[in-house]
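Novice: any chance you can model this:
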Amino acid sequence: MYYSIFYAEVFKIFCAGFFFYLFLKKINLTDYTAIIGGILYSFAGYIIVGGTWISFSTQAVYIALLFYSFEKLYQDDNWILFPISICLITSYQPLDLYFIGAFLLIYIVFRLFENNEKESGEISGLLTKLALLGAAGVAMSAFFIINGLQVMIESPRVSGDASYFNALFSQNIWSGEGDGLGKTHYLTALMRFFSCDILGTGDSFRGWNNYLEAPLFYCGLISLILLPHFLSIADKRKKIVYFTFIVVLFAPVVFPFLRYSYWLFTGNYYRVFSFFVAIVIMLIGLKSIDDIDLKSKTDIKIIIVTLFLLLFLLYYPYGNSQIIDGNIRNIVAVFLIIYSVLIYLLQFKNIKNVVKILILSAIVAELICLYSPSVNERPVISGSETTEKINYNDYTVDAVAFIKSHDKSFFRINKGYYSIPFLKYVSLNDAKAQDFYGTPSYNSFNQLNYIKFLQALEIVREGKELDTRWSIGLSKSPLLHSLASIKYTLAKEHKPMILDFAYNEVVKVGDVRILENKYSLPLGFTYEKYISLKDFKSLPKDQKMYALYKAVVIDDSLYGNFDGLAKLSINEIPEYYAVNEYIKDIELLRKNTLNISKHEQNRITGEINLDKSKMLFFSIPFDKGWNIKVDGKTVKAMMVNIGFIGVPVEKGLHKIELSFLPLYYYTGVIISLIAVFLFVCLITYRYLRNKKHN
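Specialist: Okay, the predicted model is just below:
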C-alpha cells in the first residue's frame, strides 16, 4: 500500500500534464508552449503539495481531462470524452460537479467572448449539448452520486446545527479578511504565488491556516513574469476578456465573502479554488509566450515593470515579514530575473531555439530548487518503517490479533494512545488503520445521529462544525463504554487510569497492555423501562449517563406506542452512581441479550429469548438503510437513546436479522447501467455511421 500510493501519485502527475498538454494543443498553442504548459500544470503546487492529500491530484487530472473534452466538443463536435470526464468527477466526489462545473462555466463564457461568438443558435446549441451530455455523465455515475449525496445531506454539516452558513453569510460583501489574521491571510496569498514553501514547510508553516489548506497558487515563476504580457496582444477584445477573467478569479482572494459564496458558505476554504486561480495565471501566461514566440516581439517596458513589481512585492518589509524564508525568497528573485532576460531574448530569431532550451532548463531547475523543501524536508514514512514495530505497525496490531484469537464475539476496542508519530496531530481513525471497531472518527460527513448522541451527552459541543468532523467518540467517557459494547481498552501506561473503571489487565503484548471491561454489554441487549426524551434532556450530564443504564430514551412525540415498557421517573435516577447500583443495572441489561450467530459488515443475525416484552437496543447509529426482521417479518426500527437503533420485541424466542443497504442503492445501479448501455450504443452508432460515410 505504501509504495502503491507513491506510484499512483507519479502516474497522476503524468496524466495531469498529458491531458493539459492535449488541451493546450487543442486551443491552438504551439508544441513548445504546450510542453511548457504541461510541465507547469503537472508540477503546480496544488498537485505536488496538495497531492499528499491524494484527492487534490486526482481532481487535477479530471479537470485537465474535462477541459480537453470540452474543447473537443466545442471545436470538433466530438462528444465522447465529455460525459466520461463528468462521470469521473461526479463518481469521485459529487460536490466536485458543482465546484469544477462552476469554473468550467466561467471558462466557457470567456472562451465564447474570446472567439467573438455571436450566433445565438450556435451558442444555445452548444449549451444544450453540454447540458445533455453532462446529464448523461451524471446518470452514469448515479451508483456513486446518490449514496454520496445522501451521506452528505444526512450529516451534521448539512442537516445538523453545525453549519458555518449563518456566520459566513453575515459578512459584508466587500469587506476584507477580518480579525488579526487578515494581514497574515493576504501575505500568505501573495507569497504562495512565488513558492509553496516560502512561509515554511509542513508543520513549520507560518502562514494563514495550514500548509496544505492555505492558498496553493504556485504554478511556476515564469507564469508570473508572462501574465501581464497579455497587454501587448494586439486584439483589444482579447485584452478585455483576459483582464476580466483575472478580476473574476482574483476577487474572491481579496473579498472573502465571494469565496464563502463559492463554497456555499460551508467553510473558509481555498482548496480547489486556489488551483483555478493558478490555471488562469498559466493560461494567460502561456497565451502571452505563444504570442511572443510567433511574433518574435517582446515589450521591454512590460518586462521591466513586471520584474520590478514582483521584486517589490517579494522584498517589501511587511509587518510580519519575519515569517518569510529568506533563502527561498532570494532563489525566487534569481529565477524572476533569469526569466525576464530570457523572455526579452526570445524575440531574436537567430538565438530563439537556444533561448527556448534555456527557458525549459530554467523551469526544470526552478522546480527542483523550490520543491526540494516540499519533498525532502517533510516527515515521511520510509520503506523500512513498514516492517518495524512503530507507527500503525506497532504492537497495537499484535494486541488486536491476540484479542480476536481469544474472543469470537462482537466487541469494540478503546485506545488510550495514538499510533502516529507526530506530536502536533492525532488520528481518530486508528480503528480503520489497525482493523478493529472503535468509537472515535474523523470524517468530513460523520453520521448525523451518532453526533447528536455525543452532543446530547455533552461529549462534543453543539453548533461546532469542527467537532462534528473530529469526533472523539467515547474514548474519554469510560462510564459509557459498556453501553457501546467496548469490551477492551489498550493502554501503554504502567498503571492506566482506566483500571479505576471496572477494567482488569489481561495480558501485555509488547508495550501494549490489554485491559478487559468486567461489565461490558453485547451489541444487542434489552431494556424493560423507558424515559422520555424531554425528561432525559432536563438531566445534568452525569445523570444522563446513569439514565442510559436504567432505561431506554424514547422520543414520545415520535413514538406513541411502546407497550410493555414501564416509564422511568427522573426521581429514580441517583445524583451519584454507586458501584453496586451500576453492577445491578448491568446485570439487568444482560438478562436477555442477542446471541449473535453471524456478523458481517452489512448483516447481523442471531437469536434472543425474552422473559417479557422489551426494547432490544443496538449501539449502531440509526440509519434508514437498515432493514430489520423478527422471525422473518420486517419490523420498523425505532430511533432510541438519541441516535441509535431500537426494536420492540415481544416475550419468547425470536430470530433477529439486521441487514444494511444504502437507500436508493438499486435505483443508482439501474440508472448507471441504463446510462452506460445507452452511451455505448451511441458510440457504436456514431462509429458505424462514420465508417459508412467514409
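Novice: next one: L264 from F348, what distance?
Specialist: Using C-beta to C-beta, to the nearest Å, we find L264 at a distance of 51 Å from F348. Glycine gets a C-beta too; all of them are placed from N, C-alpha and C.
Novice: same check, this time on M152
Specialist: Applying C-beta to C-beta to M152 and F348 gives a distance of 56 Å.
Novice: any stretches of the stretch 351-500 of the chain with poor pLDDT?
Specialist: Counting by pLDDT under 70, the stretch 351-500 of the chain contains low-confidence residues at 421-424.
Novice: switch the cut-off to 90
Specialist: Applying pLDDT under 90 to the stretch 351-500 of the chain flags residues 375-393, 418-427, 444-445, 460-469, 494-497, 500.
Novice: the strands in it, which residues?
Specialist: For the stretch 351-500 of the chain, applying DSSP state E, counting those that start in this stretch gives strands covering 412-415, 441-442, 470-471, 486-491.
Novice: what about the helices in the stretch 51-200 of the chain?
Specialist: Secondary structure of the stretch 51-200 of the chain by DSSP state H, counting those that start in this stretch: the helices cover 55-76, 81-92, 96-114, 120-140, 142-153, 165-169, 182-191.
Novice: and those as a markdown table, adding mean neighbour count, distance to A566 and mean pLDDT?
Specialist: Listed next are the helices of the stretch 51-200 of the chain as a markdown table, based on neighbours: other C-beta atoms under 10 Å; distance: least, C-beta to C-beta, whole Å; pLDDT from 0 to 100:
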| stretch | mean neighbour count | distance to A566 | mean pLDDT |
| --- | --- | --- | --- |
| helix 55-76 | 22 | 51 | 95 |
| helix 81-92 | 23 | 51 | 95 |
| helix 96-114 | 17 | 51 | 91 |
| helix 120-140 | 16 | 52 | 92 |
| helix 142-153 | 18 | 37 | 87 |
| helix 165-169 | 14 | 42 | 66 |
| helix 182-191 | 20 | 59 | 89 |
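Novice: nearest to K584, of those helices?
Specialist: Taking C-beta to C-beta, helix 142-153 is the member of these nearest to K584, at 40.3 Å.
Novice: for that closest one, packing partners?
Specialist: On a contact count with 3 or more C-beta pairs under 8 Å, 6 or more residues apart in numbering; DSSP states H and E, helix 142-153 meets helix 81-92, helix 665-693.
Novice: which one of those helices lies nearest to L568?
Specialist: Between L568 and the helices and strands packed on helix 142-153, the tightest spacing by C-beta to C-beta is seen for helix 665-693, at 38.4 Å.
Novice: relative to helix 120-140, how tilted is the closest one?
Specialist: Here helix 665-693 points in a direction 130 degrees away from that of helix 120-140 (axes from the mean of the first three to the mean of the last three C-alpha atoms, to 10 degrees).
Novice: please export the C-alpha coordinates of stretch 661-670 as PDB.
Specialist: Extracted as PDB, the C-alpha positions of stretch 661-670 are listed here (Å, rounded to 0.1, in the frame of the first residue of the first chain):
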ATOM      1  CA  LEU A 661     -28.400  -1.500   2.100                       C
ATOM      2  CA  PRO A 662     -27.900   2.200   1.300                       C
ATOM      3  CA  LEU A 663     -31.100   4.000   0.300                       C
ATOM      4  CA  TYR A 664     -31.700   4.000  -3.500                       C
ATOM      5  CA  TYR A 665     -28.900   1.500  -4.000                       C
ATOM      6  CA  TYR A 666     -30.700  -0.400  -6.700                       C
ATOM      7  CA  THR A 667     -32.000   2.800  -8.200                       C
ATOM      8  CA  GLY A 668     -28.500   4.000  -8.600                       C
ATOM      9  CA  VAL A 669     -27.400   0.700 -10.100                       C
ATOM     10  CA  ILE A 670     -30.200   0.700 -12.600                       C
END
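Novice: just to revisit the earlier point, I'd like the strands of the stretch 351-500 of the chain laid out as TSV, including mean neighbour count and distance to A551.
Specialist: Listed next are the strands of the stretch 351-500 of the chain as TSV, based on neighbours: other C-beta atoms under 10 Å; distance: least, C-beta to C-beta, whole Å:
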stretch	mean neighbour count	distance to A551
strand 412-415	23	22
strand 441-442	16	27
strand 470-471	19	25
strand 486-491	24	21
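Novice: so can I have JSON lines of these showing distance to N517?
Specialist: Compiled in JSON lines, those are given as follows (distance: least, C-beta to C-beta, whole Å):
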{"stretch": "strand 412-415", "distance to N517": "9"}
{"stretch": "strand 441-442", "distance to N517": "20"}
{"stretch": "strand 470-471", "distance to N517": "21"}
{"stretch": "strand 486-491", "distance to N517": "5"}
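Novice: mind checking which of these is nearest H599?
Specialist: Closest among these, once you apply C-beta to C-beta, is strand 412-415, at 12.5 Å.
Novice: one step back: please identify which of L264 and F348 sits among more neighbours.
Specialist: Between L264 and F348, counted using other C-beta atoms under 10 Å, L264 has the larger neighbour count: 15 against 12.
Novice: so which of the helices and strands packed on helix 142-153 is the most packed in?
Specialist: Comparing the helices and strands packed on helix 142-153 by mean neighbour count (mean count of other C-beta atoms under 10 Å), helix 81-92 ranks first with a mean of 23.
Novice: that helix packs against which elements?
Specialist: Going by 3+ C-beta pairs under 8 Å, 6+ apart, helix 81-92 lies up against helix 55-76, helix 96-114, helix 120-140, helix 142-153.
Novice: do a quick rundown of the helices in the stretch 251-400 of the chain.
Specialist: Applying DSSP H, counting those that start in this stretch to the stretch 251-400 of the chain gives helices spanning 256-262, 272-295, 300-315, 326-345, 352-376, 395-406.
Novice: let's have those helices in TSV, adding mean neighbour count and distance to F193.
Specialist: Below are the helices of the stretch 251-400 of the chain laid out as TSV (neighbours: other C-beta under 10 Å; distance: least, C-beta to C-beta, whole Å):
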stretch	mean neighbour count	distance to F193
helix 256-262	18	16
helix 272-295	22	8
helix 300-315	15	9
helix 326-345	18	10
helix 352-376	16	12
helix 395-406	17	43
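Novice: switch the ones you listed over to a markdown table; also include distance to L616.
Specialist: Formatted as a markdown table, these follow (distance: least, C-beta to C-beta, whole Å):
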| stretch | distance to L616 |
| --- | --- |
| helix 256-262 | 46 |
| helix 272-295 | 46 |
| helix 300-315 | 67 |
| helix 326-345 | 62 |
| helix 352-376 | 54 |
| helix 395-406 | 26 |
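Novice: select, out of those helices, the one closest to L558.
Specialist: Distance to L558, taken as C-beta to C-beta, is lowest for helix 256-262 among those, at 35.4 Å.
Novice: packing partners of the closest one?
Specialist: When contacts are defined as 3+ C-beta pairs under 8 Å, 6+ apart, helix 256-262 packs onto helix 165-169, helix 236-254.
Novice: distance of the nearest residue to F276 once chain neighbours are set aside from V397?
Specialist: The shortest distance from F276 to any non-neighbouring residue, by C-beta to C-beta, 6 or more residues apart in numbering, is to F103 (4.8 Å). Plainly put, F103 is 43 Å away from V397 if you go by C-beta to C-beta.
Novice: what's the domain layout of this protein?
Specialist: Annotated domains of the chain cover 2-78+163-376, 386-439+474-517, 524-660 [automatic domain parsing].
Novice: distance to F99 for the ones you listed - can I get that in CSV?
Specialist: Below are those laid out as CSV (distance: least, C-beta to C-beta, whole Å):
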stretch, distance to F99
domain 2-78+163-376, 6
domain 386-439+474-517, 25
domain 524-660, 27
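Novice: which of these sits closest to A135?
Specialist: Of all these, domain 2-78+163-376 sits nearest to A135, with 14.2 Å by C-beta to C-beta.
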